[in-house]
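> this one's structure only:
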């Protein structure tokens, strides 16, 4: 059995121990843990598949800062941020770090396990937050749309999508990766990769989260 390697980073020993104990019952998980003193060195040494990043980090300014560093330096390691708060502002900032998910520190075991497995498959559960929070979609647009978008407006700036492209974008919004979408539509993963790239070009979007936010405003996808 190929195991998913998970590194828990948090300065609260009891919290790390509790999460480790909870996840250790999963036969496909290999759990490790550390505090914030040498997290990047630890990641460099073990190259985990998933990092569970707690909000209680003493040395680093915030979990967001560390999450951004991890995502930048180790793109094959997926970051899941665990936070006591779930405001639109927080999730928006988590999106900018390239973390794949943001969960409450008191998340239920089944949700945590499911999210880890989805992240390990290359999915982005955080995209679903945009569907659940209309205010967050608006915030993303306010932050990322460029001057030509603001000047010309949504109707003239975005090239209309085909029905298939809207269907693909709906699957993207639900957190699916290219392989999963390809399986659902019974086409090759390369085809989906090309179609997603075409969608981003048509919408002048910098990344998938921005495209999802734009599509919500246009009514092309459903919440």
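That came through, no problem. What you see is a predicted model; the values in this text were computed from it and never measured.

> show me where the chain has helices.
13-23, 39-46, 63-73, 88-97, 109-120, 127-132, 134-144, 147-157, 163-173, 178-185, 189-203, 208-218 (DSSP state H).

> a markdown table for these, including mean neighbour count, distance to residue 33 and mean pLDDT?
From N, CA and C alone the C-beta is placed, and that goes for glycine too. Formatted as a markdown table, the helices of the chain follow (neighbours: other CB atoms under 10 Å; distance: least, CB to CB, whole Å; pLDDT from 0 to 100):
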| stretch | mean neighbour count | distance to residue 33 | mean pLDDT |
| --- | --- | --- | --- |
| helix 13-23 | 15 | 4 | 93 |
| helix 39-46 | 14 | 9 | 92 |
| helix 63-73 | 18 | 15 | 87 |
| helix 88-97 | 19 | 21 | 84 |
| helix 109-120 | 17 | 14 | 95 |
| helix 127-132 | 20 | 26 | 79 |
| helix 134-144 | 17 | 31 | 72 |
| helix 147-157 | 11 | 44 | 46 |
| helix 163-173 | 19 | 33 | 92 |
| helix 178-185 | 17 | 30 | 93 |
| helix 189-203 | 16 | 34 | 88 |
| helix 208-218 | 22 | 29 | 85 |
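
> closest one to residue 52 among those?
Across the helices of the chain, residue 52 has its closest neighbour in helix 13-23 (6.6 Å, CB to CB).

> who touches that closest one?
6, 8, 10, 29, 31, 33, 35, 52, 54, 56, 105, 109, 112-113, 116 (CB atoms under 8 Å, 6 or more residues apart in numbering).

> inside strands: which ones of the residues you listed?
Of the positions in the contacts of helix 13-23, 6, 8, 29, 31, 33, 52, 54 sit in strands, assigned by DSSP state E.

> got a pLDDT number for the fifth one?
Right, the one you point to is residue 33. Reported pLDDT at residue 33 in the predicted model: 93.

> quick check, it in contact with residue 11.
No - between residue 33 and residue 11 no contact is recorded; they are 11.0 Å apart, counting by CB atoms under 8 Å.

> can you say which two of the ones in strands among the contacts of helix 13-23 are spatially most distant?
29 and 54 (17.3 Å).

> between these two, which one's more packed in?
Neighbours were counted for residue 29 and for residue 54 using other CB atoms under 10 Å; residue 54 has more, 22 against 19.
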